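S.K.: Give me the fold of what follows.
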Amino acid sequence: MAEFDFFANAIANSVAQTSSRYFEKGTYLVNIDNCTFFHNRKRQPRAVVSCTVIDSNNLDFPETSQVSWVVSLDSDSGPSTIKTFICDVTGEAAHTLTPKDINEAFIAPGVHGVSKLAGRKALVNVYEKTTEKNTIFTKCEWKGFDATKDKLPNFRQMTQIGSSEQAQAQTAEAAIADTKNSGWGNTDNDIPF
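M.R.: All right, here's what the predicted structure looks like:
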């Protein structure tokens with residue numbers, strides 16, 4: 001029993017960890033759930049935008065999928081990437097953003113609250129880019145979405161991407177439908193060659 005008291009105390013005194021799925025190639029309509037600053041396990045400063053997928057052409061991220069975008073704040077482009085994100089989502093001019101605006105958009109560690117960007121809808125175009133070191137970098141381009149002003153993309157007419165079983169099932173269903181519409185395969189005696 002005492003052995004389990006040790007584990008109960010260790011668990012109660014630990015920090016709750018979260019694990020994220022990150023954006024993959026595709027086009028998404030998302031709800032921004034929160035934007036926060038944090039330190040990773042190496043104590044490096046990061047910014048994260050946590051989202052819920054509303055729609056997407058990536059079948060691996062169906063509606064209600066939780067997805068995150070993380071930016072390294074200690075990189076050369078990190079601060080300007082976050083500034084661009086805020087401007088693209090809100091429509092605010094870059095020269096008008098103040099430190100107060102940033103702190104309202106991204107909640108600092110230990111501060112209780114929700115980002116002023118929470119609840120906003122955004123379109124996210126995600127693509128892969130090869131770096132100078134020949135590694136693959138995933139790039140996210142953001143645009144605030146206002147249903148009263150903006151036209152929603154037709155995600156079903158876009159090329160469907162993703163490696164999920166759902167994609168394989170849709171391909172199989174399409175092949176079966178094509179077979180039924182082709183005129184053969186309608187009787188037990190038909191031979192398709």
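S.K.: what packs against the longest strand out of those in the chain?
M.R.: Taking DSSP state E as the criterion, the chain has its longest strand at strand 26-39. On a contact count with 3 or more Cβ pairs under 8 Å, 6 or more residues apart in numbering; DSSP states H and E, strand 26-39 meets strand 45-56, strand 66-72, strand 121-130. To be clear about C-beta, it is placed using only N, CA and C from the backbone, and glycine gets the same treatment.
S.K.: how much distance is there from that strand to the middle of the chain?
M.R.: Its chain's C-alpha centre and that of strand 26-39 lie 6 Å apart, by Cα atoms, centre = their mean, to the nearest Å.
S.K.: Tell me the buried residues in it?
M.R.: For strand 26-39, the neighbour count (16 or more other Cβ atoms under 10 Å) marks 26-38 as buried.
S.K.: mind putting the residues you listed in a markdown table, pLDDT included?
M.R.: A markdown table is the format used below for those (pLDDT from 0 to 100):
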| residue | pLDDT |
| --- | --- |
| 26 | 96 |
| 27 | 97 |
| 28 | 98 |
| 29 | 98 |
| 30 | 98 |
| 31 | 98 |
| 32 | 98 |
| 33 | 97 |
| 34 | 96 |
| 35 | 97 |
| 36 | 96 |
| 37 | 96 |
| 38 | 94 |
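S.K.: Give the rounded mean pLDDT of the strand or helix carrying residue 144.
M.R.: Residue 144 is located in strand 136-145, with elements delineated by DSSP states H and E. When pLDDT is averaged along strand 136-145, the result is 95.
S.K.: elements contacting that strand?
M.R.: Applying 3+ Cβ pairs under 8 Å, 6+ apart, we find strand 136-145 packed against helix 78-90, strand 121-130.
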